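1. give me the fold of what follows.
(2 chains)
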Amino acid sequence: MARLARLRLSEDEVEPMARELSAVLDHIAKIEELDLKDVAPTTHVIADAMPTDATPTDAIPTHPGLRADRPRASLPREVALAQAPAVSDDGFLVPSPQA
Amino acid sequence: MSVAEIIGLSAAEAARAIAAGGLSSGELFEAYRARAAADELNCFTWVAAEAPAEAPAGPLRGVPLAVKDLFCTENVPSQSGSRMLEGYLPPYTATAVSRLSEAGATLLGKTNQDEFAMGSSNENSAYGPVLNPWDRTRVPGGSSGGSAAAVAAGLAPWALGTDTGGSIRQPAALCGIVGLKPTYGAVSRYGMIAFASSLDQAGPLTRDVTDAALLLRHMVGRDACDATSLAFPEEIALPRAERLDGMRLGVPKELTSGSAGGEGEGIEAGVLDTFRAALARAEDLGAEIVESVQLPHAPHALAAYYVLAPAEASSNLARFDGVRYGLRAESARDLLDMYTRTRHDGFGTEVKRRIMLGTYALSSGYYDAYYGRAQRVRTKIAEDFHTAFEQVDLILTPTSPTVAFKLGEKTADPLAMYLNDYCTVPMSLAGIPAISIPCGLSEGLPVGLQIAGPAFSENRLLDGAHALERALGFDGSQARA
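-> Modelled structure (predicted):
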């Protein structure tokens, strides 16, 4: 699981992590008690309860949706790169995938 | 005005004093800046060096604002309590903060928090725990612990926090102040370093209910940069109510009985007694207490929450990979080694635990059993509240099952820590607004009263809270001494 999460756990972290995760998973098992046949999963908890027959726009109150697709300036390259741990020319510098 | 007089003003009173000419915004800023800079509670991770050169215009009149560290603030450190983002300077400012700046608030400092907002005690911060101003051997609650303690201790007139499962309301309760989690979508999440996107919501932590209304008024609204944000249907009014005549207040037994909390210790007797005394005050004000209201799925809320929030966190925190910003581990063999070493070094234990949990819940073959099922539980919980609000106007519960606990008391048992959120998580899952106001002391420590209402009922909520606040007459000045 740690590999899938791109996490490295040191030797002394593995046992407590496994024990604590087991305790939490035991608690989470409570959701198996309920009969949830024919119950729809929540997507947007507020909008799910609102009428959806209108096209979402900024002008329709209390309805979420996508903004109009208008081009606008993005961050200048030097600003986007300013906080990077390593840069090379115009991009982010990373170690080779296969050293 | 003396410094003691200035610190004694609420934020709304300070704004009025500036408008009337009895106080300058520079004097106000310096009074708080000096206190924040001398902070002994570890509330702040950054404090402004000086007042803004120009006195800000706008209805908030330059009243200084403390901001939880997970809000991005342009060229001001925004570290979200994590070593991963030590010294990170964002290129832009979160919408909630920029709206308040446009309304005339000035940035006083950034406040300490649990790492990436994961925690209920502020002990998960890479920058050290925050101490509770009522008792420095106790936690302030979390994850907005720095914001709550700073307001309670008079180191800031008011503060911004965020609430995913109780992270505004619980620290407000434990520090004896007011904390409001708005309707999901009411405030833009743009520029908030994300924890669980379907739950995260920004809100005010303030000394009183009027200040909460004033701050919220200038935060809400649709933002093109957050597709889940919603236009608030009305203006947030300053609350005036002094009575609760005709109000039906629901007290669901699932969240208010001594055994609520299931396998945990349940709600402390002292907290329940203080809560019951507050209900009696509500009846004195003309409210009808309705004990028959039910939230049958509330006991399952915490389990659903600890699927949904870690799942979303595991996805959101994938961005911390050592490439574009923040920490990068040295001497990696290759790209994959760089990712895993960076995430090992940069994340604390609780964050790793939740990433592992979320990765497990979202892994192939488990999605329906965990995330899909938890989202169905969430639908049932939202339906419970819809049904309840056909019978009552507002729902009242204790905010937290306990008063502020000792530093270190719960760090060895994650589940015991998670049970702090037992009474606040159901409202988070339902996306509805809820406020915590101080309702008294138990063993000399503040107890929070949680008031919840239907989506977009913030004005009703604030009015009810205002009337109760007046009747309860809680005095928090001891924590500012």
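2. so, low pLDDT: which residues of chain A?
-> Low-confidence segments of chain A, defined by pLDDT under 70: A:49-65, A:99.
3. one more time with 80
-> By pLDDT under 80, the low-scoring segments of chain A are A:47-68, A:99.
4. so which residues of chain A form helices?
-> Chain-ordered helices for chain A, with DSSP state H as the definition, fall at A:11-28, A:77-81.
5. save those as a markdown table, and put in mean neighbour count and distance to chain B too.
-> Any C-beta I mention is one placed from the backbone N, CA and C, and that applies to glycine too. Formatted as a markdown table, the helices of chain A follow (neighbours: other CB atoms under 10 Å in any protein chain shown; distance: least, CB to the nearest CB, whole Å):
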| stretch | mean neighbour count | distance to chain B |
| --- | --- | --- |
| helix A:11-28 | 14 | 5 |
| helix A:77-81 | 13 | 5 |
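6. does residue B:373 sit in a helix, a strand or a coil?
-> When classified by DSSP: H, G, I helix; E, B strand; the rest coil, residue B:373 comes out as helix.
7. so residue B:259, which state does it fall into?
-> coil.
8. local confidence estimate at it?
-> Here the pLDDT value assigned to residue B:259 is 72.
9. give me the neighbour count for it.
-> Neighbour count for residue B:259, taken as other CB atoms under 10 Å in any protein chain shown: 10.
10. same question, residue B:310
-> Neighbour tally, residue B:310, other CB under 10 Å: 29.
11. please apply the same query to residue B:221.
-> Neighbourhood size, residue B:221 [other CB under 10 Å]: 15.
12. what sits against residue 77?
-> Just going to use chain A. Residue A:77 sits next to residue A:90 when contact means CB atoms under 8 Å, 6 or more residues apart in numbering or on different chains.
13. to clarify, I was referring to chain B.
-> Neighbours of residue B:77 in contact, by CB under 8 Å, 6+ apart: B:45, B:46, B:69, B:87, B:88, B:89, B:110.
14. returning to that earlier point: for residue B:451, which of the helices of chain A is the nearest?
-> helix A:11-28 (27.4 Å; CB to CB).
15. for that closest one, packing partners?
-> helix B:301-316, helix B:349-362, helix B:414-418 (3 or more CB pairs under 8 Å, 6 or more residues apart in numbering or on different chains; DSSP states H and E).
16. got the angle for it vs helix B:349-362?
-> 60 degrees (axes from the mean of the first three to the mean of the last three CA atoms, to 10 degrees).
17. kindly export helix A:11-28 (C-alpha atoms) in CSV.
-> Provided in CSV are the C-alpha atoms of helix A:11-28 (Å, rounded to 0.1, in the frame of the first residue of the first chain):
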residue,chain,number,x,y,z
GLU,A,11,11.2,-0.1,9.6
ASP,A,12,10.0,1.3,12.9
GLU,A,13,7.0,3.0,11.3
VAL,A,14,5.5,-0.2,9.7
GLU,A,15,4.2,-2.0,12.8
PRO,A,16,2.4,0.9,14.5
MET,A,17,1.0,2.0,11.1
ALA,A,18,-0.5,-1.5,10.5
ARG,A,19,-1.9,-1.7,14.0
GLU,A,20,-3.5,1.8,13.9
LEU,A,21,-4.9,1.4,10.4
SER,A,22,-6.5,-1.9,11.5
ALA,A,23,-8.2,-0.1,14.4
VAL,A,24,-9.5,2.6,12.1
LEU,A,25,-10.7,0.0,9.5
ASP,A,26,-12.6,-1.9,12.2
HIS,A,27,-14.4,1.4,13.0
ILE,A,28,-15.1,2.1,9.3
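18. and the lowest-mean-pLDDT helix or strand in chain B, what does it pack onto?
-> Using mean pLDDT, DSSP states H and E, the weakest-scoring helix or strand in chain B turns out to be helix B:414-418, at a mean of 90. Here helix B:414-418 touches helix A:11-28, going by 3+ CB pairs under 8 Å, 6+ apart.
19. what angle sits between the helix it packs on and helix B:301-316?
-> 140 degrees.
20. strands along chain A, start to end?
-> A:87-88, A:91-92 (DSSP state E).
21. which among those strands is found nearest to chain B?
-> Chain B lies closest to strand A:91-92 among these, at 5.2 Å (CB to the nearest CB).
22. quick one: the strands in the stretch 51-200 of chain B?
-> B:64-68, B:106-111, B:158-163, B:178-181 (DSSP state E, counting those that start in this stretch).
23. chain A is nearest to which of those strands?
-> With CB to the nearest CB as the yardstick, what comes closest out of the strands of the stretch 51-200 of chain B is strand B:178-181 (12.8 Å).
24. now do the helices in the stretch 251-400 of chain B.
-> B:253-256, B:269-284, B:301-316, B:335-346, B:349-362, B:373-391 (DSSP state H, counting those that start in this stretch).
25. just the ones you listed: most buried one?
-> helix B:301-316 (a mean of 26; mean count of other CB atoms under 10 Å in any protein chain shown).
26. give me the angle between it and helix B:373-391.
-> Using the same axes, to 10 degrees: helix B:301-316 against helix B:373-391 is 130 degrees.
27. so helix B:301-316, near chain A or not?
-> Yes: using CB under 8 Å from any CB of the partner chain, we find that helix B:301-316 touches chain A at B:302, B:303, B:304, B:306, B:307, B:314.
28. kindly reformat the residues you listed as a markdown table containing pLDDT.
-> Below are the residues of helix B:301-316 next to chain A laid out as a markdown table (pLDDT from 0 to 100):
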| residue | pLDDT |
| --- | --- |
| B:302 | 95 |
| B:303 | 96 |
| B:304 | 97 |
| B:306 | 96 |
| B:307 | 97 |
| B:314 | 97 |
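29. sorry, back to before: TSV for the helices and strands packed on helix A:11-28, including distance to residue B:343?
-> Listed next are the helices and strands packed on helix A:11-28 as TSV, based on distance: least, CB to CB, whole Å:
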stretch	distance to residue B:343
helix B:301-316	11
helix B:349-362	8
helix B:414-418	19
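30. of all those, which one comes closest to residue A:46?
-> Comparing the helices and strands packed on helix A:11-28 under CB to CB, the one sitting nearest is helix B:301-316, at 15.6 Å.
31. quick one: residues in contact with stretch B:245-260.
-> B:266-267, B:269, B:272, B:275, B:279, B:282, B:285-291, B:293-296, B:298-299, B:388, B:391-398, B:401, B:422-423, B:426, B:464.
32. which of the residues you listed are close to chain A?
-> Answer for the contacts of stretch B:245-260 near chain A (CB under 8 Å from any CB): residue B:299.
33. what's around residue 85, how many residues?
-> No chain in the question, so chain A it is. Applying other CB under 10 Å, I find that residue A:85 has 18 neighbouring residues.
34. the chain in question should be chain B.
-> 25.
35. hang on, it packs against residue B:319?
-> No: using CB atoms under 8 Å, residue B:85 is not in contact with residue B:319; the gap is 10.9 Å.
36. in the stretch 1-150 of chain B, which residue sits nearest chain A?
-> residue B:91 (4.9 Å).
37. per-residue pLDDT, that residue?
-> At residue B:91, pLDDT is 97.
38. for burial, what's the neighbour tally of residue B:38?
-> The burial count for residue B:38: 9, using other CB under 10 Å.
39. I misspoke; the intended subject was residue B:95.
-> Neighbours of residue B:95 under the rule other CB under 10 Å: 24.
40. surely it meets residue B:191?
-> Yes: in this structure, residue B:95 is within contact of residue B:191 by CB under 8 Å, at 5.9 Å.
41. got the helices of chain A as CSV, with distance to residue B:103 columns?
-> CSV is the format used below for the helices of chain A (distance: least, CB to CB, whole Å):
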stretch, distance to residue B:103
helix A:11-28, 41
helix A:77-81, 26
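42. quick one, phi/psi of the closest residue to residue B:392 other than its chain neighbours?
-> In space, and not counting its chain neighbours, residue B:392 is closest to residue B:250: 3.5 Å by CB to CB, 6 or more residues apart in numbering or on different chains. Here is the backbone geometry of residue B:250 (degrees, to the nearest 10): phi -90, psi 140.
43. does chain A sit close to stretch B:193-202?
-> Yes: applying CB under 8 Å from any CB, one finds stretch B:193-202 in contact with chain A at residue B:198.
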